[in-house]
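J.: coords please:
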Amino acid sequence: MDYSGFGKILLLGGYSVLERPNTSLVLAVSAKVSTSIKELKTDKIIIKIPQFKIKLKGSMEDFEKKKIEGKEKFVLAAIKTSLDYLKFKKIRLNGFTITTKSDKEFSVNSGKSGLGSSAAVTVAMVKAVLGLHGITDLNEVHKLAQFAHSLAQGKVGSGFDVATAVYGTIIYSRYSLELIDLKNQIKFFKNDLDCKIEKFKLPNFELIFANIPNSSMETVSAVSRYFEFRRDKPASISIIQDLNNANRKAIEALEEENLNAFKYYFEYGRRLTKEFGKIAGIEIEPDDLSELIAESYSNGAFVCKLPGAGGRDAIVALCRSKGTASKLKRFWKSKGLNVLNVKLV
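T.: Numbering: from 1, shown residues only. Sure thing, here's the model as predicted:
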């Protein structure tokens, strides 16, 4: 059984994915967080997280009561949620030793590469604990991982990163926020999420992804600022609707392999996102990085943007050939970017 979670890159969606039923396209990449799990003949749980030099031991009861905090909060939330679900399903619990292993691409720039390590580790942990107890249905893994991620981080974000860590490259529309009730697990366990997930095969592109050194976007605060702005300026829904329409048309163009139309709507959506950032007071696409994107087009990129929440985490491009991809890699390296060794999966 493969107990791993994919890294992700939100290519189309941006802040519009925070609202239903807006559409996003999320790419799964070859960077993974993997887990290994071994059953114990006691009720003990041992968790090893070599990346942070963490080793945790205790009884199942200890972990059910443990406070969800610190560097290991996503691991703890995944363990607690999984154990609670197994109890709900009346499945006999086994003790276990579980170890995480994160690919090096997650660990650049003080551990924040922009590839979604928290979602990947949450999915990998949930998948392993459920798998040990005979549950391998990815829909159950996804549902519980969404709850666990919200438990660790708070109810922010749309869940696209968790969904991609489970299913791979997808077209995604978020679930209704009220369905994840952190104070009522039993109610959550009894119901299904209403997100829309469709597997997607990207046409023949070379993916280039780079982390921007010594800088990052505080995604949680950026998302909070988004919701504050939307509450205070309800008329801003028009630009979000325009952005979603551009994203939807770009995805349709990809499905039809109309790459010129894809590029047009991709760029239109990027410009709308930058405009929204300016009026909302969120540094989604700083001017100096707009210049970097323009230069990237002159150095091999077919399309290029700051993925996800934007800011200074990372930059992504799709190229049409290995030659143009190599040219862009050399250019980005000359600019001091950390070009990561990731591929589409």
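J.: Could you pull out the strands in this structure for me?
T.: In the chain, the segments counted as strands under DSSP state E are 4-12, 24-40, 44-49, 54-59, 95-102, 170-173, 196-199, 206-211, 303-305, 314-319, 338-339.
J.: Need those strands in a markdown table (columns: mean neighbour count and distance to F147).
T.: All C-beta atoms are positioned from the backbone trio N, CA, C, and that covers glycine. Listed next are the strands of the chain as a markdown table, based on neighbours: other Cβ atoms under 10 Å; distance: least, Cβ to Cβ, whole Å:
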| stretch | mean neighbour count | distance to F147 |
| --- | --- | --- |
| strand 4-12 | 26 | 15 |
| strand 24-40 | 21 | 18 |
| strand 44-49 | 19 | 19 |
| strand 54-59 | 14 | 21 |
| strand 95-102 | 20 | 19 |
| strand 170-173 | 22 | 17 |
| strand 196-199 | 14 | 16 |
| strand 206-211 | 23 | 29 |
| strand 303-305 | 24 | 31 |
| strand 314-319 | 25 | 27 |
| strand 338-339 | 16 | 33 |
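J.: Specify the stretch among the ones you listed that is closest to G116.
T.: Among the strands of the chain, the nearest to G116 by Cβ to Cβ is strand 4-12 (4.5 Å).
J.: and the closest one, what other elements does it pack with?
T.: strand 24-40, helix 117-132, helix 160-167, helix 237-255, strand 314-319 (3 or more Cβ pairs under 8 Å, 6 or more residues apart in numbering; DSSP states H and E).
J.: Surely I54 and K71 touch.
T.: Yes: using Cβ atoms under 8 Å, I54 is in contact with K71, at 6.9 Å.
J.: In TSV: the strands of the chain, plus mean pLDDT and distance to V141.
T.: What follows is those, written out as TSV (pLDDT from 0 to 100; distance: least, Cβ to Cβ, whole Å):
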stretch	mean pLDDT	distance to V141
strand 4-12	96	9
strand 24-40	96	12
strand 44-49	96	18
strand 54-59	94	22
strand 95-102	96	15
strand 170-173	98	14
strand 196-199	98	13
strand 206-211	96	25
strand 303-305	98	30
strand 314-319	97	26
strand 338-339	94	31
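J.: Reformat those into TSV and put distance to R248 next to each item.
T.: Shown next, in TSV, are those (distance: least, Cβ to Cβ, whole Å):
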stretch	distance to R248
strand 4-12	9
strand 24-40	10
strand 44-49	40
strand 54-59	42
strand 95-102	34
strand 170-173	9
strand 196-199	12
strand 206-211	22
strand 303-305	16
strand 314-319	18
strand 338-339	30
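J.: for this structure, which helix is longest?
T.: When the chain is parsed with DSSP state H, its longest helix is helix 259-280.
J.: In that one, which residues are buried?
T.: Using 16 or more other Cβ atoms under 10 Å as the test for burial, helix 259-280 gives 259, 262, 265-270, 272-274, 276-277, 280.
J.: what does that helix rub up against?
T.: 12, 14-15, 203, 225-226, 229, 233, 236, 239-240, 242-243, 246-247, 249-250, 253-254, 282-285, 290, 293, 302-303, 305, 310, 320 (Cβ atoms under 8 Å, 6 or more residues apart in numbering).
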